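> sequence and predicted structure are below.
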Amino acid sequence: LKHWKSAQPQLHCTGMNEPKFAVVIVSWNVKQALLRCVGSLMQASQGTAEVMVVDNASNDGTAVALAHKYPQVRVLPQSVNLGFAKACNLGASLTTAPGLVFLNPDTEVSPGFFSELEKFLAQHTQVGVVGAQISNPDGTTQASVRSLPTLWPLALDSLKLLKRLPWLAPAYLLPTFDYSRSQIVSQVMGACFIVPRNIWERLNGFNENYFVWFEEVDFCARVKKLGLEVWYDADLKLIHQQGQSAKQISYIRRHLMYTRSMITYAKVHLGRSSMLLLRLTSALGLVIMMLVQAFITLIRKYQNGHGN
């Protein structure tokens, strides 16, 4: 993993030097990744940010490790998993800085992250959401911009065909998007999701009907309806390991959680008929997944028995 190298100034968010940004991180059993994330924030901040971690009932010692290594970071340990949207709203409500930065715990920001963000927001007064240029740990660009979804790509996704047959939905996946150029977009990935506080409060934060997934898509759609802009900033950079929390959940359970949020999005933004159709395709997708997994299990049992 490539790490950003720099000195490690502390965050000093008091009195005469009020923070300009509040970083809200929701964590769930990702202690080591979270410590790297917070370390990168310490390197990047020069008293411009406060950091709030909402820990969703982790059992890996996250809260203790953070308190020991970074006592200046506020940690809110939860007794139950609140979900991503609700935990973000809670963390944001307990901060006061005018800029909100929601980060996944498996990200690491670049040293110039906050100075670039401050400059960008000063130059773009109609912005409602800002996303960053996100890199994989190997330095390759991670796709983080899409169009707002219509029924077609959501149906493909619910059937687990979108990643296998991406050429069926290029208008949604935007495979030729130019990640080297800052531009107005439809939606950005929630791994790095920046919102001016006044816009956040105007929209009452994330919709808590989404436990996880699609809350940022919903928020971008609502920002667009206000006539505000969603921006991708190519000069705002970070590394994202991707999926460190999700991989702890079984494949079938992830499918159920993901499609539940997808159906909620369809109900809110696409209408009742789209929601009903997605319920059908999601059920079919689940049946196909279970049959495939059962087949794989039988093959493995046969191979093990044959090997003996």
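Thanks, I have the structure now.
> start to end distance for stretch 206-225?
Stretch 206-225 has an end-to-end distance of 15 Å (CA to CA, to the nearest Å).
> got it, and stretch 242-250?
Span of stretch 242-250 from end to end, CA to CA: 16 Å.
> wait, is residue 265 part of a helix?
Yes. Counting by DSSP: H, G, I helix; E, B strand; the rest coil, residue 265 is located in a helix.
> now it: how far from residue 209?
Look at residue 265 and residue 209: by CB to CB, to the nearest Å, they are 9 Å apart. The C-beta positions use only the backbone N, C-alpha and C, and glycine is treated the same way.
> among the two, which residue is more densely surrounded?
residue 265 (25 against 17; other CB atoms under 10 Å).
> once you drop chain neighbours, what's closest to the more buried one?
Sequence neighbours aside, residue 214 is the residue nearest to residue 265 in space, at 4.6 Å (criterion: CB to CB, 6 or more residues apart in numbering).
> could you check the pLDDT of that neighbour?
Note for residue 214: predicted pLDDT of 98.
> how many residues are close by it?
29.
> how close does the nearest residue to residue 52 once chain neighbours are set aside sit to residue 124?
Distance criterion CB to CB, 6+ apart; nearest residue to residue 52, sequence neighbours excluded, is residue 91 at 4.5 Å. Residue 91 sits 25 Å away from residue 124, going by CB to CB.
> may I ask which helix or strand encompasses residue 234?
strand 229-240 (DSSP states H and E).
> starting from that strand, tell me which strands it pairs with and how they run.
strand 107-109 (antiparallel), strand 127-135 (parallel), strand 183-185 (antiparallel) (DSSP bridges).
> I'd like those strands as a markdown table, with distance to residue 58, mean neighbour count and mean pLDDT appended.
Shown next, in a markdown table, are the strands paired with strand 229-240 (distance: least, CB to CB, whole Å; neighbours: other CB atoms under 10 Å; pLDDT from 0 to 100):
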| stretch | distance to residue 58 | mean neighbour count | mean pLDDT |
| --- | --- | --- | --- |
| strand 107-109 | 17 | 25 | 98 |
| strand 127-135 | 24 | 23 | 98 |
| strand 183-185 | 33 | 14 | 98 |
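> so for residue 146, which of those sits nearest?
The closest of these to residue 146 is strand 183-185. By CB to CB, the value is 8.2 Å.
> can you name the element that comes right after the closest one?
Downstream of strand 183-185 (by DSSP H and E), the next one is strand 187-188.
> any residues touching the very next helix or strand once past that following strand, and which ones?
Note on strand 187-188: by DSSP H and E, the next helix or strand toward the C-terminus is strand 192-196. Outside of strand 192-196, the residues within contact range by CB atoms under 8 Å, 6 or more residues apart in numbering are 98-104, 107, 109, 117, 121, 127-132, 134, 144, 216, 219, 236, 238, 240.
> now the angle between strand 229-240 and strand 192-196, please.
140 degrees (axes from the mean of the first three to the mean of the last three CA atoms, to 10 degrees).
> list the buried ones in strand 192-196?
For strand 192-196, the neighbour count (16 or more other CB atoms under 10 Å) marks 192, 193, 194, 195, 196 as buried.
> show me where the stretch 1-150 of the chain has its strands.
21-27, 49-55, 74-77, 99-103, 107-109, 127-135, 145-146 (DSSP state E, counting those that start in this stretch).
> centre of the chain versus the last one, how much separation?
Counting by CA atoms, centre = their mean, to the nearest Å, strand 145-146 is centred 13 Å from the centre of its parent chain.
> check which helices and strands it sits against.
If you count contacts as 3 or more CB pairs under 8 Å, 6 or more residues apart in numbering; DSSP states H and E, strand 145-146 packs onto strand 187-188.
> which residues touch the strand it packs on?
Outside strand 187-188, the residues that touch it by CB under 8 Å, 6+ apart are 129-132, 144-148, 216-217, 220-221, 230-232.
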